[in-house]
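Engineer: give the three-dimensional model of this entry:
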Amino acid sequence: MGDEQVIDSLSANEFAVEIDGVRAAGILTISDLVTFRLDVKPSLTKLEHPPFKIGKLVQQDANAPFNVWTRETVSAGADIVRPKRTLTILALDEGVETRRWTIQGAWISAISYSKFDSGSNELVEETLEIHYDAIEEQFPTARLQSGG
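Structural biologist: Coordinates of the predicted model:
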């Protein structure tokens with residue numbers, strides 16, 4: 001029994017999000033994250049960047065980084081120039097970073113809210129649909145294991 005194999009996997013509840021290098025509070029979910037997809041056609045193969053969603057608590061602080069970004073997005077309206085940010089998603093294992101996705105040129109295409117209900121004690125959730133220009137995936141633990 002001494003040869004038990006330990007399964008090395010990510011826990012879905014241990015993650016963090018940074019916006020322009022600042023750790024964001026109140027992030028509840030990240031969904032629909034596709035880090036690599038090829039659009040293969042006979043004449044052209046290109047990378048696709050499908051949007052993903054971030055679900056977060058509605059923060060009251062007007063200067064919180066996500067609140068500033070959403071205000072800038074709404075103010076831009078239909079303007080083709082979108083307010084963009086760099087987002088970083090960190091997968092953690094007992095607080096230690098095990099994987100990092102850096103998302104360049106992120107912009108918000110939709111903002112929605114969970115149900116407001118006078119009979120509920122639930123907190124309101126804000127969902128942001130995020131498009132982006134590029135994504136880079138890094139494995140910080142690979143550097144540690146290789147000795148350098």
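Engineer: so where's the longest strand in the protein?
Structural biologist: Criterion DSSP state E: the longest strand present in the chain is strand 96-113.
Engineer: tell me the strands beside it, with direction?
Structural biologist: Applying DSSP bridges, strand 96-113 is found paired with strand 85-93 (antiparallel), strand 125-131 (antiparallel), strand 134-138 (antiparallel).
Engineer: make TSV out of these and add mean pLDDT, distance to residue 32 and mean neighbour count.
Structural biologist: C-betas here are computed from N, CA, C, even on glycine. TSV is the format used below for the strands paired with strand 96-113 (pLDDT from 0 to 100; distance: least, CB to CB, whole Å; neighbours: other CB atoms under 10 Å):
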stretch	mean pLDDT	distance to residue 32	mean neighbour count
strand 85-93	95	12	19
strand 125-131	97	9	18
strand 134-138	95	13	13
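Engineer: so which of those gets nearest residue 25?
Structural biologist: With CB to CB as the criterion, residue 25 lies closest to strand 125-131 of the strands paired with strand 96-113, at 12.8 Å.
Engineer: give me the contact list for the closest one.
Structural biologist: Residues from elsewhere that reach strand 125-131, judged by CB atoms under 8 Å, 6 or more residues apart in numbering: 28, 49, 51-58, 66, 70, 87, 103, 106-114.
Engineer: find the nearest non-adjacent residue to the residue nearest to the spatial centre of the chain, please.
Structural biologist: Closest residue to the average C-alpha location of the chain: residue 89 at 5.1 Å, with CA atoms, centre = their mean. Sequence neighbours aside, residue 101 is the residue nearest to residue 89 in space, at 4.5 Å (criterion: CB to CB, 6 or more residues apart in numbering).
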